[in-house]
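**Q** Okay, structure incoming, though there's no sequence with it:
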Ligand code: FNR
């Protein structure tokens, strides 16, 4: 794992270890994948102002929702992490805790929230999908609170699923169907086949087992997940959940000032600017391109986080300079997980921290509090 020097190296290793159907689920996005590309281009088009004699070290630590983290990135919520590596959720959560950064567990995780909290001490958030009837979310929230999850994310950009064409071609929808091409591909990836597919337990949606009983198969749980989508979920439901959850609450999927202000009015503590890594509305702008406007319209007490396309430590610096308090990692740490389990995730986190540290020194920032719009290189006309 030490020979991987950047996130793209981990991505390449993930691609060679995983069968195509699994890699495409992780790597792919909606329709023409324009937004997936836009997220990366958005960061690449921003330039930083180099400063000379910027010292030899920088403090990456940051306060988010009242907790001091070692760095301003956390591992964001992703479902089906067990299809890359056995106990994938646990490796992500452990690596985050060991690095002193946060971790958010998805509703669609492959290990239950109770199992994760029993084995990982670090601060943990729970992500709720707007699925099912009110008693469905109430039961998940009660469990998350009892299991010690400190903050809640509601993801609101997914009332319907994005059209992910790589998955459609493979016939993949929350579970791997054993067609002849999939079996053949699996046989050509024996490391993955032995550990994940023939391993002790097949990945299934463990948070949802409580609704169907312990005997539920991975297929029954995947069918249940699809049946729970609730396209009628509304701001009234957000108010209900606000009443049911007394800890910090963030709305994920916000991409414009109007929705950010509304989220705040309805009692959210903040927003996560996200286009779901380009997996929902293709043609949505890069998250970094809407950050300044959204952060600028919110009050000082609001928490503003961002995700989408973070692959370099300098991306984190750019997001903080433009008004985010922190960022969430999606594919960056998943590539690490798929490439090498815990070691791969730890490697992804340490690469990003190292790159961020260097970038801060090169831009003359000794701490994350020093970051601001002055770090962004703009044409002279805009600076006037
Ligand atoms: C996701 N994402 C996601 N979001 C969420 O709120 N709940 C979930 O269960 C999932 N599942 C999921 C699976 C996979 C494979 C991916 C790639 C993404 C979206 C995720 O939290 C985040 O918004 C994006 O991944 C950020 O973009 P990058 O960093 O992957 O480019």
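**A** Nice, I can see it. Bear in mind the structure is a predicted one, so any value in this text is a computation, not a measurement.

**Q** Can you list the buried residues in stretch 134-148?
**A** Residues of stretch 134-148 classed as buried: 136-137, 140-141, 143-145, 147-148 (neighbour count, 16 or more other CB atoms under 10 Å). C-beta coordinates here come from the backbone N, C-alpha and C atoms, glycine included.

**Q** tell me which residues in stretch 184-193 are buried?
**A** 185-186, 189, 192-193.

**Q** swap in stretch 244-252?
**A** Neighbour count says stretch 244-252 has 245, 248-252 buried, by 16+ other CB under 10 Å.

**Q** Counting only strands, which of those make the cut?
**A** 249-252 (DSSP state E).

**Q** Make CSV from those residues and add distance to the ligand to it.
**A** Formatted as CSV, these follow (distance: CB to the nearest ligand atom, whole Å):
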residue, distance to the ligand
249, 14
250, 11
251, 11
252, 5
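
**Q** What backbone torsions are found at residue 304?
**A** Main-chain dihedrals, residue 304, degrees, to the nearest 10: phi -120, psi 110.

**Q** shouldn't it be in contact with residue 325?
**A** Yes - the criterion here is CB atoms under 8 Å, and residue 304 meets it with residue 325 at 5.9 Å.

**Q** Give me the contact status of stretch 107-114 with the ligand.
**A** Yes - contact of stretch 107-114 with the ligand (CB under 6 Å from any ligand atom) involves residue 108.

**Q** same question for that stretch, mean pLDDT?
**A** What stretch 107-114 shows for mean pLDDT is 96.

**Q** Contacts for that stretch next, please.
**A** Residues outside stretch 107-114 that contact it (CB atoms under 8 Å, 6 or more residues apart in numbering) are 77, 79-83, 87-90, 105, 116, 126-129, 131, 140, 143-144, 147, 149, 174, 203-209, 225.

**Q** of the residues you listed, buried ones?
**A** 77, 79-83, 87-90, 105, 116, 126-129, 131, 140, 143-144, 147, 149, 174, 203-209, 225.

**Q** Could you list which of these also contact the ligand?
**A** Of the residues in the buried ones among the contacts of stretch 107-114, proximity to the ligand by CB under 6 Å from any ligand atom holds for 77, 79, 127.

**Q** So which of the buried ones among the contacts of stretch 107-114 are in strands?
**A** Going by DSSP E, the strands hold 105, 126-128 from these.

**Q** so what's the backbone phi/psi at residue 31?
**A** Per degrees, to the nearest 10, the backbone of residue 31 is at phi 40, psi -120.

**Q** picking up where we left off before, so which of the contacts of stretch 107-114 sit within helices?
**A** Cross-referencing the contacts of stretch 107-114 against helices under DSSP state H gives 88-90, 116, 140, 143-144, 209, 225.

**Q** Residue 7: what's it in contact with?
**A** 311-312, 332, 335-336, 348, 351-352.

**Q** what is the mean pLDDT for stretch 23-42?
**A** Mean predicted lDDT for stretch 23-42 stands at 98.

**Q** Is it in proximity to the ligand?
**A** Yes - against the ligand, stretch 23-42 shows contacts by CB under 6 Å from any ligand atom at 25-26, 39.

**Q** For the residue in the chain that the ligand sits nearest to, report the pLDDT, please.
**A** Of all residues in the chain, residue 330 sits closest to the ligand, at 2.0 Å by CB to the nearest ligand atom. Residue 330 carries a pLDDT value of 98.

**Q** Quick check: which element contains residue 114?
**A** Counting by DSSP states H and E, the element that carries residue 114 is helix 113-119.

**Q** Equivalent analysis for residue 243, please.
**A** With elements taken from DSSP H and E, the one containing residue 243 is helix 235-244.

**Q** Which one (most neighbours) among the residues of stretch 23-42 next to the ligand?
**A** Within the residues of stretch 23-42 next to the ligand, most neighbours by other CB atoms under 10 Å means residue 39, with 27 neighbours.

**Q** show me the contacts for the closest residue in space to that residue that isn't next to it in sequence.
**A** Take residue 39 and drop its neighbours on the chain: the residue closest to it by CB to CB, 6 or more residues apart in numbering is residue 309, 3.0 Å away. Residue 309 makes contact with 36, 39-40, 42-43, 277, 286-288, 315 under the criterion CB under 8 Å, 6+ apart.

**Q** how does it look with 7 Å?
**A** Residue 309 makes contacts with 39-40, 42-43, 286, 315, as judged by CB atoms under 7 Å, 6 or more residues apart in numbering.

**Q** Residues of this protein that sit close to the ligand?
**A** Neighbours of the ligand within the chain, by CB under 6 Å from any ligand atom: 25-26, 39, 76-79, 106, 108, 127, 155, 252, 274, 276-277, 279, 307-310, 329-332.

**Q** To what extent is residue 45 buried, counted in neighbours?
**A** By other CB under 10 Å, neighbour count at residue 45 equals 11.

**Q** Then residue 153?
**A** When neighbours are counted by other CB under 10 Å, residue 153 comes out with 29.

**Q** ditto for residue 5
**A** Neighbour tally, residue 5, other CB under 10 Å: 11.

**Q** tell me the SS of the closest residue to it other than its chain neighbours?
**A** Nearest-residue entry for residue 5: residue 351, 7.3 Å, with adjacent residues in sequence omitted and distances by CB to CB, 6+ apart. Under DSSP: H, G, I helix; E, B strand; the rest coil, the three-state class of residue 351 is helix.

**Q** Looking at residue 304 and residue 325 now, which is surrounded by more residues?
**A** Neighbours were counted for residue 304 and for residue 325 using other CB under 10 Å; residue 304 has more, 22 against 19.

**Q** before we move on, back to that, which helices and strands does the helix holding residue 243 pack with?
**A** helix 134-146 (3 or more CB pairs under 7 Å, 6 or more residues apart in numbering; DSSP states H and E).

**Q** now the helix it packs on: how far from the chain's centre is it?
**A** Here helix 134-146 is found 21 Å from its chain centre; the criterion is CA atoms, centre = their mean, to the nearest Å.
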